[in-house]
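1. Here you go, sequence then predicted model.
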Amino acid sequence: MIRKVSIPLLTLALIFSISAFAQTNSLLTRHTRDAVVNGEAQFLNRLPAQQTMRVGILLALRHAPELLNFLDDVYNPESSNYRRFLTPDEFAARFGASREDYAAAVQFAKANGFKVIGGSFEGRDIRLQGTVASVEKAFHVQMGLYQHPTENRQFYAPDREPTVDLAFQLWHVSGLDNFELPVSALHRDPHPLVPQVTGSCPGGEYCASDMRAAYYGSGPLTGIGQNMGLLELEGTSLSDVALYYKNVGQTQPYTPTLISTGGYSTSCGASCDDGEQTLDMTQEMGFAPGSTMLYNYVCGNGSSFDETACLGSMVSTAQAPLSLQISSSWSWKPADPSTDDPYYQQMAAQGQSFFDAAGDGGHWVTGTGRNGFAYPCEDDFVICVGGTELQTNGAGGSWKSEIAWPDSGGGISIDSIPIPSWQQLAGVITSSNKGSTTLRNGPDIAAEANTDFYICDKGQCGGGAGGTSFAAPMWAGFMALVNQQAAQNGVSAPGFIDPVIYPLGLSSGYSAAFHDITSGSNGFPAVAGYDLVTGWGSPNGTGLINALTGPQSPSFSLTANPSSLTIADGSQGTSTITVVPANGFTGTVTLAASNLPSGVTAQFSPNPTSTTSTLTLTVSASAPTGTSTITIGGTSGSLSASTTIQLTITGSGPVVSLNPTSLAWGKLLVGKTSGAKKVTLTNTGASTLNITSIATTGDFALFSFTSKQKCGATLAAGKSCIVKVNFTPTQKGARTGSLNFTDNAPGSPQSVALSGTGK
């Protein structure tokens, strides 16, 4: 099912065996650009030796063939390991670099003059900042400045493949060139290619909430408990997100968290266009407004880009909790298309879904221009998202119709990535869809991408925006709903969904899970079933969610208010138990209490109940004091749920309560007596309080007892008394003291702090 490694096992073992004894080692991926090697790019100059660079050292996986076998197993429904995903710590222990190699790589970097600014052991990366001189020394290259052969700009790059003086081979050194800068799949056109839609945003444009309504409906899932992630080229202005929600008249769920990877700024400078970043955030939050957090990973600054900085952060928990749904609306051209494979494979092993936009230049072709960018969508461990033209039944309405968007990316891998096993299933590639039987085909799925979206950027808002930039984060938001239901159903997250949706597309459940788009073209035709412009189509709401997680079953949960009670011996306390129905539950629940301490009984009224019941706990006069946890269980047929109440039994003895617990006077002349202040003492226990003494310390004295509520030798249960205190400073400056009650209550004596100032 999973793509196999291209290096034979014997060869791989030999490489590692030899490298263990070598002083200088080559790396396992390519770094040089053809335009530099063949002289097509004009050399202009050496980079200044003291110029600062940011690079990353990436360590290789251990047991790479075993990882592919693990992925084959974990995505096989017939396996006992089906969807038993690994945590980042478990992945690092099983497939990551050794701690010894990681420490050696850190030491190597520091010895060559680099400053460690990020990275993680779980991500197998070390993020570095240093001079060009350090880069050239550490990696045995010369860093040159070149004229780009097809673009009106200059770029930097190494003149040869890097090598390192380590006893083992590194996987890659990132950040050594900026020959190819990423392109966003954002497309702007004020004149959509189909009749004008009727969306909920200003001007009748589509809002993100319209996509949720069309592809999911008004169901209860909102992404509760889910974190979402975004890969971004540059930082952003969160004020544009707030402006979007203000203009569309909706409540912003929360403020996304911006994360710097590789030392890049999270802010958007004067020349920065944050349209892509803003739409990505609003699309994901619009589809999953109940999600916990959206993490925006920044791995570039507009003139340089290091996607591995983002990917390394996304697979670890060093900077943020793990996000199970991640999207990217960027395409780039790495020197070696296998560079990022270990990260996409790690995501699949950890149950994460990585969605990437297929582009907005039409079907993929080799060469320059927008349709010359297919990576990373063409990678076989990336979920590739194409574009459609959607019509809904009015603003905020349901799905009505859909055709292929002619500018959608998709097609056959232009980097010769082999066809994955799930695309080799009989019936996927046909003569009508014109797909390849040897190379990876894309996209896998699709969603609305026509230029009829409302967008805010650089403090301005308007319509006419589109592109698969909208479709990819939309799918990540949809996946948050999927993973919420998976958690509610007590099953694992689907993770990398390609091995699931291809068999699903060939099954009788296809039409319930997807909207099959059968008309339109991006150069490849949209046909029944799978095609190279819309994949299997767009999500068909709960049908696809149920197919990926299993249908939601009626259930209920219990809550207790209050969830903690303090009851004295011989007394009672109550708490309201509420039945919270889920997924259409309408039954009655029979309640029972367990783990009751000795001398405590419980009674529910009414019981059974479908709404609320009052729990009364009765504590006998002889019940032992202390704190315990009582379990409240509920059953309804085969369904059950529980909650807990913390019970503290205070016993039958007296309990002292003082109000206030401190008294303070302002400045007072030395020798002069202040007016009196009151302290109320209350016996909140169940028996008489014996007061053996009341005394003050410092420059404070008992003034008098009140006539009707004076504190005498005893104080009955539930009664209060009052004592007065005055202040006569004996010298200048701050003066402190205390009012002390000595009694038979636990914790005696009881005190009130006293303070004042003499002048």
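-> That came in fine, so what should we check first?

2. okay, stretch 424-434 in CSV with CA atoms only?
-> Taking C-alpha atoms only, stretch 424-434 is exported to CSV below (Å, rounded to 0.1, in the frame of the first residue of the first chain):
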residue,chain,number,x,y,z
GLN,A,424,-3.3,1.5,-8.5
LEU,A,425,-6.6,0.0,-7.4
ALA,A,426,-8.6,-1.2,-10.4
GLY,A,427,-11.1,1.4,-11.5
VAL,A,428,-9.1,4.5,-10.3
ILE,A,429,-7.1,5.3,-13.4
THR,A,430,-9.2,4.9,-16.5
SER,A,431,-9.1,5.9,-20.2
SER,A,432,-11.7,8.6,-19.5
ASN,A,433,-9.8,10.4,-16.8
LYS,A,434,-6.4,10.1,-18.7
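
3. centre of the chain versus it, how much separation?
-> 36 Å (Cα atoms, centre = their mean, to the nearest Å).

4. Stretch 478-498 too?
-> Taking Cα atoms, centre = their mean, one finds stretch 478-498 lying 14 Å from the centre of the chain it belongs to.

5. Quote the end-to-end distance of it.
-> Length of stretch 478-498, first residue to last, Cα to Cα, to the nearest Å: 15 Å.

6. now do stretch 293-307
-> OK, stretch 293-307 end separation, Cα to Cα: 21 Å.

7. how about it: buried residues?
-> 293-302, 304-307 (16 or more other Cβ atoms under 10 Å). C-beta here means a position set from N, CA and C on the backbone, and glycine is covered the same way.

8. what's the answer for stretch 387-397, then?
-> Neighbour-count burial for stretch 387-397 [16+ other Cβ under 10 Å]: 387-392, 395-396.

9. nearest to Leu68, of those?
-> Nearest to Leu68 among those: Gly387, at 31.0 Å, using Cβ to Cβ.

10. Report the contact partners of the closest one.
-> With contact taken as Cβ atoms under 8 Å, 6 or more residues apart in numbering, Gly387 is in contact with 358, 360, 404-405, 407-409, 446-450, 466-468, 471, 533-534.

11. Report the next helix or strand after the helix or strand bottoming out on mean pLDDT in the chain in sequence order.
-> Among the helices and strands of the chain, helix 9-19 carries the lowest confidence by mean pLDDT, DSSP states H and E, at a mean of 37. Per DSSP states H and E, the first helix or strand lying C-terminal to helix 9-19 is strand 25-26.

12. Which residues in the helix or strand just after that next one does the neighbour count mark as buried?
-> As assigned by DSSP H and E, the chain's next helix or strand after strand 25-26 is helix 34-37. By neighbour count on 16+ other Cβ under 10 Å, the buried set for helix 34-37 is 35-36.

13. Please write out the alpha-carbon positions of helix 34-37 in CSV.
-> The C-alpha coordinates for helix 34-37 follow below in CSV (Å, rounded to 0.1, in the frame of the first residue of the first chain):
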residue,chain,number,x,y,z
ASP,A,34,20.8,22.7,-12.4
ALA,A,35,21.1,26.4,-13.4
VAL,A,36,24.1,26.8,-11.2
VAL,A,37,25.8,23.5,-12.1
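
14. Quick check, Thr366 in contact with Ala374.
-> No. Applying Cβ atoms under 8 Å, one finds Thr366 not in contact with Ala374, separated by 9.0 Å.

15. Spit out the residues that contact those two alike.
-> Ile414.

16. Which one's more surrounded, those two?
-> Using other Cβ atoms under 10 Å as the criterion, Thr366 and Ala374 rank with Ala374 on top: 29 against 9.

17. Excluding sequence neighbours, find me the nearest residue to the more buried one.
-> Closest residue in space to Ala374, ignoring its immediate chain neighbours: Trp364 at 4.2 Å, by Cβ to Cβ, 6 or more residues apart in numbering.

18. for Val74, same thing?
-> Spatial nearest neighbour of Val74, excluding adjacent residues (Cβ to Cβ, 6+ apart): Asn81 at 5.4 Å.

19. which stretches of the stretch 101-250 of the chain form strands?
-> 115-120, 125-131, 143-147, 154-158, 163-164, 170-174, 183-184, 187-188, 227-232 (DSSP state E, counting those that start in this stretch).

20. quick one: contacts for whatever residue is furthest in space from the centre of the chain?
-> Farthest-out residue of the chain from its mean C-alpha position, per Cα atoms, centre = their mean: Gly671, at 65.5 Å. Shown in contact with Gly671 (Cβ under 8 Å, 6+ apart): 728-730.

21. So among the residues you listed, which ones count as buried?
-> Judged by neighbour count, with 16+ other Cβ under 10 Å as the criterion, the buried members of the contacts of Gly671 are 728-729.

22. Can you tell me which of the contacts of Gly671 is closest to Gly96?
-> Pro729 (68.9 Å).

23. Show the average pLDDT along stretch 717-737.
-> The average pLDDT within stretch 717-737 is 92.

24. Report the buried residues of it.
-> 717, 721, 723-729, 735, 737.

25. repeat for stretch 648-663
-> Buried, per 16+ other Cβ under 10 Å, within stretch 648-663: 649-656, 663.

26. Report the secondary structure state of the residue nearest to Val74.
-> Here Asn81 is coil, with the state taken from DSSP: H, G, I helix; E, B strand; the rest coil.

27. Next, the contact list for it, please.
-> Asn81 touches 70, 73-74, counting by Cβ under 8 Å, 6+ apart.

28. what does Cys721 give?
-> 680-681, 705, 709-712, 715.

29. let's see it at 6 Å
-> Neighbour list for Cys721: 681, 709, 711, 715 [criterion: Cβ atoms under 6 Å, 6 or more residues apart in numbering].

30. so which of those would you say is closest to Val37?
-> Leu681 (89.0 Å).

31. Pop out the phi and psi values for the closest one.
-> When read as degrees, to the nearest 10, the backbone of Leu681 gives phi -110, psi 130.

32. Looking at strand pairing, list the partners for it.
-> When bridges are taken as DSSP bridges, the partners of Leu681 come out as Leu658, Cys721.

33. swap in Gln391?
-> According to DSSP bridges, beta-bridge pairing links Gln391 with Ser401.

34. from what I can see it touches Lys400, true?
-> Yes. The criterion here is Cβ atoms under 6 Å, and Gln391 meets it with Lys400 at 4.6 Å.

35. The stretch 601-750 of the chain: strands as residue ranges?
-> Per DSSP E, counting those that start in this stretch, the stretch 601-750 of the chain carries strands over the ranges 612-619, 626-636, 639-649, 656-659, 662-668, 677-683, 689-696, 700-705, 714-715, 720-727, 733-743, 750-758.

36. want to throw these into JSON lines with distance to Val500?
-> What follows is the strands of the stretch 601-750 of the chain, written out as JSON lines (distance: least, Cβ to Cβ, whole Å):
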{"stretch": "strand 612-619", "distance to Val500": "41"}
{"stretch": "strand 626-636", "distance to Val500": "32"}
{"stretch": "strand 639-649", "distance to Val500": "28"}
{"stretch": "strand 656-659", "distance to Val500": "62"}
{"stretch": "strand 662-668", "distance to Val500": "64"}
{"stretch": "strand 677-683", "distance to Val500": "65"}
{"stretch": "strand 689-696", "distance to Val500": "69"}
{"stretch": "strand 700-705", "distance to Val500": "76"}
{"stretch": "strand 714-715", "distance to Val500": "72"}
{"stretch": "strand 720-727", "distance to Val500": "68"}
{"stretch": "strand 733-743", "distance to Val500": "70"}
{"stretch": "strand 750-758", "distance to Val500": "66"}
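
37. Can you tell me which of those is nearest to Phe514?
-> So among the strands of the stretch 601-750 of the chain, strand 639-649 is nearest, using Cβ to Cβ, at 31.7 Å.

38. Not counting its own residues, what contacts the closest one?
-> Counting by Cβ under 6 Å, 6+ apart, 555-560, 563-566, 575, 619, 623, 625, 627-634 sit against strand 639-649.

39. How about the contacts made by the closest residue to Ile429 other than its chain neighbours?
-> What sits nearest to Ile429 in space, not counting adjacent residues and going by Cβ to Cβ, 6+ apart, is Gly435, at 4.1 Å. Each residue near Gly435 by Cβ under 6 Å, 6+ apart is listed here: 429, 441, 532.
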